[in-house]
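S.K.: sharing a model that was predicted from the sequence below.
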Amino acid sequence: MMEAIAFYLFSAITIGMFLIVVFSKNALYAMSALAGGMIAISGFFFLLDADFLGAVQIIVYTGAVMALYAFGMMFFDTTKEVKENIKEHRIVNALWISAVVMLIVIVSVPFLSDQVLLDASLMDYKVHGANNPQAVGIFLFTKYLVQFELAAVMLLVAMIAGIILVSKKMDVSLTTMDEQVEKEEFHIKEVK
């Protein structure tokens, strides 16, 4: 029962966040909602007892969105005043109420659960194949080795291409700066 409630809750949050991404006119709001949606997606992994994948989802994808957020703050004019169009505070109040309800549900689940919490020494530490990082590593380097290496080569090519593109732009700007300095020095010599 609790899994179904959590599934529908994470589904609603994920769909809501990605709808904000699609329909938001402010890029920073869209990126914030994208990060929230990625965190909500990790909830599905935690529901499936794939804790490692949930943590990777948060670290990798949400981290990438935060890097995108940083670039967005650099490239977009965030200093201009943003006029909020919320005339009625129903939406804000609904978000606060839903956040409080979600917090209450998260805190109360262990108390309402039928399972008895055991002492850590009594627990049997079984390792699930899909959840164990060691098993994930073994799969990556045995069954999926070719795909893993192709992804690594693609990332390497993208990194080299980025370095080449940036260095070409820097060479152009440095050469134009050198030409300007030479013209100024030549102009100074002519004046003397």
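M.R.: In hand now; what should we look at? Every value quoted in this text rests on a predicted model; they were computed, and no experiment measured them. Numbering: from 1, shown residues only.
S.K.: please identify the buried residues of stretch 1-19?
M.R.: 6, 9-10, 13-14, 16-18 (16 or more other Cβ atoms under 10 Å). Every C-beta, even on glycine, is put in place using the N, C-alpha and C of the backbone.
S.K.: likewise for stretch 49-59?
M.R.: Those would be 50, 52-54, 57-58, for stretch 49-59 by 16+ other Cβ under 10 Å.
S.K.: could you list the low-pLDDT ranges of the protein?
M.R.: 76-88, 92, 106-107, 109-131, 168-192 (pLDDT under 70).
S.K.: neighbours around residue 108, how many?
M.R.: Neighbourhood size, residue 108 [other Cβ atoms under 10 Å]: 11.
S.K.: so it is in which element?
M.R.: According to DSSP states H and E, residue 108 maps onto helix 90-112.
S.K.: what is the following helix or strand past that helix packed up against?
M.R.: Later in the chain than helix 90-112, the nearest helix or strand by DSSP H and E is helix 133-141. For helix 133-141, there is no helix or strand it packs on, judged by 3 or more Cβ pairs under 8 Å, 6 or more residues apart in numbering; DSSP states H and E.
S.K.: what comes up buried for helix 133-141?
M.R.: For helix 133-141, by 16+ other Cβ under 10 Å, it's residue 136.
S.K.: who's in contact with the closest residue to residue 42 other than its chain neighbours?
M.R.: Nearest in space to residue 42, with sequence neighbours left out and distances taken as Cβ to Cβ, 6 or more residues apart in numbering, is residue 57 at 3.9 Å. By Cβ atoms under 8 Å, 6 or more residues apart in numbering, the contact set of residue 57 is 38, 41-42, 45.
S.K.: what about the residues you listed, which are in helices?
M.R.: 38, 41-42, 45 (DSSP state H).
S.K.: let me know the closest of the residues you listed to residue 159.
M.R.: residue 38 (23.1 Å; Cβ to Cβ).
S.K.: would you confirm that residue 39 contacts residue 59?
M.R.: No - at 10.8 Å, residue 39 does not count as touching residue 59 under the criterion of Cβ atoms under 8 Å.
S.K.: show me the domain layout of this protein.
M.R.: With domains defined by automatic domain parsing, the chain comprises 1-116, 144-192.
S.K.: residue 133: which of the ones you listed is closest?
M.R.: Using Cβ to Cβ, those put domain 1-116 closest to residue 133, at 5.2 Å.
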